[in-house]
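[1] I'll drop the sequence and a predicted model, then ask my questions.
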Amino acid sequence: MDSHLLRTLVTVARLGSFSAAALELGYTQSAVSQQIAALEGELGAPLLHRRPVGPTAAGERMIEHARLLLERMDAARADVRRLSLPERPELVVAASPLGLDAAVARALARVREAEPRLKVKIRVLSRRAVAVEVAAGRCAIGVTDGYCAPGGPLALGDLGPVRQAGLGEEPCAVLCPAGHPLRRRAAVDLDRLADASWLDASGIAAPLADLRALTGGAFPAATGYQGQDAAALLALCAAGHGLAVLPRSLAASAGTAAGPTAGAASGVPAGTVALPVRAPRLVHRREALFTPALDGPARAFLDALPRGA
């Protein structure tokens, strides 16, 4: 008895439709009808009513047998596959959009050089989701980022056994359009910009709620951006949708002075200026998150990560 015919029968009965079953299985509707007819001819009994579609008494009994047979066949395939294929070690890493950088990529490369069979999975998640995944044990190590006072650590809430290790921090800058009135300032105080129009992009930029807590200012959101694409955020800022506090290396290349050509020098969209933040004291910080019980690949990756403050 052909397992494909059994699977088609079970699918049609479950969905109550030949067309829906064809779509799910990747067949044409006529092919599904022919498979059911072939199975009925083999068994010598009608298995499905056509209008409406539903199992006959013989069909119900056959579906019970078919489900058991298919489950056993699937289990057999999986069992044999496990025995025939060598097990590969796996490392699952969760990272926030600004947590995954060249240093992290190099650390992963060093681990794979030491263990060529290692399978690496990288999941890009929101900052808070990285911490949750590590705490739940679904990822061996997380690399996340955020904004805080110099020396950190990041305020991530109660993470149970999860530990935090600093990977470095850097000053922040306000990214603004080239035509902004403060574009020629060497540095800015955030409280002077509290009434400007801001981009609400807490997945990448410093959250406006944090800026309000630091300064007591309004920091009104002119545009909300719920994505995690840094390039898209930079483009929105360049087009005049609002200001954003970002890591200085993202807002402008190291050593680039604020001014009308800063955007072109740094690689960010043309028409932007990076203004270093003078006050309050605020840095962009990156951290590794991990639990004490790490396997070999996870421990090797953690050891390969460059440590900072």
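    In hand now; what should we look at?
[2] now the strands: where do they sit in the chain?
    Secondary structure of the chain (DSSP state E): strands at 48-50, 53-55, 90-95, 119-124, 141-148, 163-177, 188-189, 198-200, 221-224, 244-247, 272-279, 283-290.
[3] need these in TSV with distance to Arg14, can you?
    No exception for glycine: its C-beta is placed from N, CA and C like everyone else's. Shown next, in TSV, are those (distance: least, C-beta to C-beta, whole Å):
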stretch	distance to Arg14
strand 48-50	12
strand 53-55	10
strand 90-95	33
strand 119-124	32
strand 141-148	39
strand 163-177	46
strand 188-189	62
strand 198-200	45
strand 221-224	42
strand 244-247	50
strand 272-279	55
strand 283-290	42
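[4] Which one of these lies nearest to Glu71?
    Relative to Glu71, the nearest member of those by C-beta to C-beta is strand 53-55, separated by 18.2 Å.
[5] May I have the strands that pair with that closest one, each with its orientation?
    Applying DSSP bridges, strand 53-55 is found paired with strand 48-50 (antiparallel).
[6] show me what contacts Phe18?
    Taking C-beta atoms under 8 Å, 6 or more residues apart in numbering, we find Phe18 in contact with Val12, Gln29, Val32, Ser33, Ile36, Val53.
[7] quick revisit: redo the strands of the chain as TSV? Include mean pLDDT, mean neighbour count and distance to Ala78.
    Below are the strands of the chain laid out as TSV (pLDDT from 0 to 100; neighbours: other C-beta atoms under 10 Å; distance: least, C-beta to C-beta, whole Å):
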stretch	mean pLDDT	mean neighbour count	distance to Ala78
strand 48-50	93	14	29
strand 53-55	93	17	28
strand 90-95	93	22	17
strand 119-124	92	14	18
strand 141-148	94	25	28
strand 163-177	93	21	36
strand 188-189	94	16	60
strand 198-200	96	23	47
strand 221-224	94	15	45
strand 244-247	95	26	45
strand 272-279	92	22	53
strand 283-290	95	25	31
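[8] Of all those strands, which one is nearest Ala135?
    So among these, strand 283-290 is nearest, using C-beta to C-beta, at 8.1 Å.
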